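S.K.: Need coordinates for the below:
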Amino acid sequence: MANNKATMVLYLVVVFSLLFVVSDCRMTFKLGVAKPASAPQCFSVYGVESGDTCFAIRQELNLTAAEFGAINPNLECGKLFPGQWLCVAGSA
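M.R.: Numbering: from 1, shown residues only. Take a look at the predicted model:
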């Protein structure tokens with residue numbers, strides 16, 4: 001009987017050790033979790049005026065569509081409104 005209890009305790013120790021190692025590896029290496037993108041930094045802003053378009057602003061400030069989109073990732077150009085602040089210089 002004592003041998004069975006010792007074997008059971010040993011099995012439990014091994015199982016809990018394996019669970020700990022697996023959970024520690026998941027936390028260390030973040031398996032299956034995408035690394036969050038870094039937020040863009042803005043160094044200069046522009047206040048939208050009535051009649052402005054993203055294209056006109058980009059053209060006036062010599063920005064490519066890719067540059068403008070990278071520093072304004074959630075911008076919907078079709079929904080610009082006067083007083084809205086846009087990033088016009090920064091890093092993504």
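S.K.: Downstream of the helix or strand of the chain with the lowest mean pLDDT, the next helix or strand is which one?
M.R.: Least confident helix or strand of the chain, by mean pLDDT, DSSP states H and E, is helix 2-29 with a mean of 65. Moving toward the C-terminus from helix 2-29, the next helix or strand (DSSP states H and E) is strand 41-47.
S.K.: Quickly list the domain ranges of the chain.
M.R.: Per automatic domain parsing, the structural domains of the chain span 1-35, 41-91.
S.K.: Dump these to CSV, plus mean neighbour count.
M.R.: Every C-beta, even on glycine, is put in place using the N, C-alpha and C of the backbone. Below are the domains of the chain laid out as CSV (neighbours: other Cβ atoms under 10 Å):
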stretch, mean neighbour count
domain 1-35, 9
domain 41-91, 13
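S.K.: residues touching the nearest residue to Trp85 once chain neighbours are set aside, list them.
M.R.: Distance criterion Cβ to Cβ, 6 or more residues apart in numbering; nearest residue to Trp85, sequence neighbours excluded, is Val45 at 4.7 Å. For Val45, the contacting residues are Trp85, Leu86, Cys87, Val88, by Cβ atoms under 8 Å, 6 or more residues apart in numbering.
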